[in-house]
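Engineer: just the structure for this:
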Amino acid sequence: MIDVARSFTSTLKLAKDIEVNCNNLELSSQARKKLEDIYLKFLEVLEQKVKQASLKIVLSSISKANFKDWYEYATKILRKLETSSTWLKRYYNYIHEHDLLMLQISIHIMGVFDALQCAFDKDYFSALASLVAACKDPHSKLPSPEVAETVCWTVHMAISTDSKHNPKYTPESWSGNILFKKLESCGLLVQFVRCSVSYPAEGVLGFGETVLKVYVSIIQHRAIVGMFQRGQPCGDTLISVLNGTDGHELKSKKVVGYLQTLSKMAEIVNDSINTRAFDEKGYRRTLCRNCNKAKDDPNFQKSLKACSRCKEAFYCSRECQTMDWKVHRRHCKPSPLSTEKISALPKEIITNFISRNGPEILAKLTIVCIETGTKPCDIIVLVDIAPGKDGSMAPALKEPPEFRIMPFHELPRENGTHKSDMCFSNEGIQQLKMHQSNRTSNQLLSVLNYPGGQLVSKYQAPLPSGYEMFGPEMVKGFIEFLYCGRFGGLAQIYLRHDEQIAIKHRLLLPMDHDIYALMRTIPNQRMASVAYIMANLKRFGATAKSTPKVGNAKEDVDRLFATVTSTRSA
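Structural biologist: Prediction:
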């Protein structure tokens, strides 16, 4: 492969000579044509040799010094192009063919780890990010499709090369984490988000599925997903792109689906699973267990310290913790969630998802138990956060979230008739059976479907009252409340007044003016109450199997539920 090294060296030398002799970027048309011919010749040699061996072997004859010279030269060209009038003023930010070929060579030679290191050392990635960010034409917020595709291919090649160099590479490994941190710090990850969504898969380079592979790598690790939270450069850019205030008009539906999924995942990861107060919408926020302070100020929320033993109680000061210890000590038990090291992103997502949507999960679980006669300990919850193949939003990340509750023995197996379902192979069913045999009556068995695979976990969370979140007492309390309208059982579990109000808010239909007026049209007060209970159950997926026989109330239930549905849609 010596001829590849010689060709590469001569290409770099001739390109530098032409640049110097033609007044840098003010190249004559004759010089531009000569540069194009030089670059094309090297690409032809490279393509010919790659057919005989792998890219890594073909490029192994090129020295690290030559890689450094190339990326130093490429960075210099990009910096000058960034300030040129041609780039800043022309619609779609036109780039000469010889510069585009130079970028293609830069992508190809990044196939070896030495070249990737040199690209970082010589600030090539920063220069490429700055070039895209420099677009100031009022009619265009992004460069040409060719340059946008170059950005996408560059990020993909960097990840691919880094993973091949590290046999144990995963996005959550130290190496993968460092790579994404570097891409973020130099600004290229932000530009990748902007460029990846705004062009379809066709084009000069046709980046297509490579973009989706990058997003799959991103959403498999917490630290990387954390970069896409609101307030972070990547997170703010992602939100702007989805809102239509950045980039061209959205074109790639698949990428949009991944961006929506990534945005919601960042929200879930940012949630605290150890909170015990509720806001006006019924979602959890942290407060001091002793003095009940619960400011919305982020600095106050961060200053609260958790009990080192149970990780469930929070205090604003040591004095408050000391004062509350006599009461808290009776319920303070080591939490399974606090003793288990949660390092993987999927584990954290399913934990936060269940904590965030616990009342809704329990409501559906209760209905399934009543309708199928299944015990709570034989129920499984399926949570799907993988975007649809058509780029649609992941079911569990929609608003409101969609998840499935079913008896364990009804799990769908892989076949040709349920391609849209979360299905399991025989091996997967055996693994689930093992987890099912080891679960306790206080644990919720769940399966998380995410772009990287599936995760089986058992969730258990003790409450301050001493009860378990998914224990038999909790299920019994939900049955009494949802089917009979009696809150006594749940009042023993949720001791605080704000918690009781929040649970009722999340489990009952909002009694607005329209619903109240409709209920008054039902002549019998008892029938009106039954109709309200049935409509509320129907909201959580109940059918005629679990509702009492109320004769003519069925029509009223349908009207009541239809009114609620139409009101929410409006």
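Engineer: got a pLDDT number for the residue nearest the centre of the chain?
Structural biologist: Closest to where the C-alpha atoms of the chain average out (Cα atoms, centre = their mean) is Leu262, at 2.7 Å. Here the pLDDT value assigned to Leu262 is 87.
Engineer: run through the stretch 401-550 of the chain and note the low-pLDDT ranges.
Structural biologist: Low-confidence segments of the stretch 401-550 of the chain (pLDDT under 70): 413-421, 511-526, 544-550.
Engineer: all strands for it, in order.
Structural biologist: Applying DSSP state E, counting those that start in this stretch to the stretch 401-550 of the chain gives strands spanning 404-407, 444-450, 453-459.
Engineer: Tyr483: which of these is closest?
Structural biologist: strand 404-407 (16.5 Å; Cβ to Cβ). All C-beta atoms are positioned from the backbone trio N, CA, C, and that covers glycine.
Engineer: just how off-centre is that closest one within its chain?
Structural biologist: How far strand 404-407 lies from its chain's middle: 24 Å, per Cα atoms, centre = their mean, to the nearest Å.
Engineer: kindly report the same for stretch 145-156.
Structural biologist: Mean-position distance between stretch 145-156 and its chain equals 22 Å (Cα atoms, centre = their mean).
Engineer: using CSV, list the CA coordinates for it.
Structural biologist: Extracted in CSV, the C-alpha atoms of stretch 145-156 (Å, rounded to 0.1, in the frame of the first residue of the first chain):
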residue,chain,number,x,y,z
PRO,A,145,-26.9,19.7,1.4
GLU,A,146,-23.4,18.6,0.5
VAL,A,147,-21.8,20.3,3.5
ALA,A,148,-24.6,19.2,5.8
GLU,A,149,-24.0,15.6,4.7
THR,A,150,-20.3,16.1,5.3
VAL,A,151,-21.0,17.0,8.9
CYS,A,152,-23.2,13.9,9.4
TRP,A,153,-20.7,11.6,7.8
THR,A,154,-17.8,13.1,9.8
VAL,A,155,-19.6,12.5,13.1
HIS,A,156,-20.5,8.9,12.0
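Engineer: sticking with the residue nearest to the centre of the chain, tell me its helix or strand.
Structural biologist: In this structure, Leu262 sits in helix 253-270 according to DSSP states H and E.
Engineer: from the contact counts, what lies against that helix?
Structural biologist: On a contact count with 3 or more Cβ pairs under 8 Å, 6 or more residues apart in numbering; DSSP states H and E, helix 253-270 meets helix 188-197, helix 209-218, helix 222-225, helix 233-243, helix 345-356.
Engineer: in a markdown table: the ones you listed, plus distance to Leu463.
Structural biologist: Output for these, formatted as a markdown table (distance: least, Cβ to Cβ, whole Å):
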| stretch | distance to Leu463 |
| --- | --- |
| helix 188-197 | 40 |
| helix 209-218 | 35 |
| helix 222-225 | 26 |
| helix 233-243 | 32 |
| helix 345-356 | 11 |
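Engineer: per-residue pLDDT of the closest residue to Ile479 other than its chain neighbours, please?
Structural biologist: Distances taken as Cβ to Cβ, 6 or more residues apart in numbering place Thr366 nearest to Ile479, at 5.4 Å, with adjacent residues excluded. On pLDDT, Thr366 comes in at 88.
Engineer: packing partners for the helix or strand containing Thr366?
Structural biologist: Per DSSP H and E: Thr366 is located in helix 358-372. Packing partners of helix 358-372 (3+ Cβ pairs under 8 Å, 6+ apart): strand 379-384, strand 404-407, helix 472-484, helix 497-507.
Engineer: so how far is it from its chain's centroid?
Structural biologist: That offset, for helix 358-372, works out to 27 Å (Cα atoms, centre = their mean).
Engineer: now swap in stretch 191-200 and tell me
Structural biologist: From the chain centre to the centre of stretch 191-200 is a distance of 17 Å (Cα atoms, centre = their mean).
Engineer: give me the buried stretch members for that stretch, please.
Structural biologist: For stretch 191-200, the neighbour count (16 or more other Cβ atoms under 10 Å) marks 191-199 as buried.
Engineer: ok, residues contacting that stretch?
Structural biologist: 128-129, 132-133, 141-143, 145, 147-149, 151-152, 155, 183, 207, 211, 214-215, 234, 237-238, 241, 246-252, 255-256, 259 (Cβ atoms under 8 Å, 6 or more residues apart in numbering).
Engineer: give me the buried subset of these.
Structural biologist: So, by 16+ other Cβ under 10 Å, the buried ones in these are 128-129, 132, 141-143, 145, 147-149, 151-152, 155, 183, 207, 211, 214-215, 234, 237-238, 241, 246-248, 252, 255-256, 259.
Engineer: let's have the strands of the stretch 401-550 of the chain in CSV, adding mean neighbour count and distance to Arg356.
Structural biologist: Converted to CSV, those look like this (neighbours: other Cβ atoms under 10 Å; distance: least, Cβ to Cβ, whole Å):
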stretch, mean neighbour count, distance to Arg356
strand 404-407, 18, 16
strand 444-450, 22, 13
strand 453-459, 17, 12
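Engineer: of all the ones you listed, which one is nearest Thr543?
Structural biologist: The minimum distance between Thr543 and the strands of the stretch 401-550 of the chain falls on strand 404-407, with 13.5 Å, by Cβ to Cβ.
Engineer: quickly run through the sheet partners of the closest one, with directions.
Structural biologist: If you go by DSSP bridges, strand 404-407 pairs up with strand 379-384 (antiparallel).
Engineer: Leu304: which of the buried residues of stretch 191-200 is nearest?
Structural biologist: Using Cβ to Cβ, Val193 comes nearest to Leu304 of these, at 33.2 Å.
Engineer: helices of the stretch 451-570 of the chain, residue ranges please.
Structural biologist: Along the stretch 451-570 of the chain, the segments classed as helices by DSSP state H, counting those that start in this stretch run 472-484, 488-493, 497-507, 513-520, 525-539, 553-569.
Engineer: deepest in the core, which of the helices and strands packed on helix 253-270 is it.
Structural biologist: By mean neighbour count, with neighbours taken as mean count of other Cβ atoms under 10 Å, helix 188-197 ranks first of those at a mean of 25.
Engineer: just give me how far that one sits from the chain centre.
Structural biologist: When distances are taken as Cα atoms, centre = their mean, helix 188-197 is centred 16 Å away from the chain's centroid.
Engineer: and the average pLDDT for that helix is what?
Structural biologist: Here the average pLDDT along helix 188-197 is 89.
Engineer: angles on the backbone of Tyr494, please.
Structural biologist: phi -100, psi 100 (degrees, to the nearest 10).
Engineer: where's Phe67 relative to Ile18, distance?
Structural biologist: According to Cβ to Cβ, to the nearest Å, Phe67 stands 20 Å off from Ile18.
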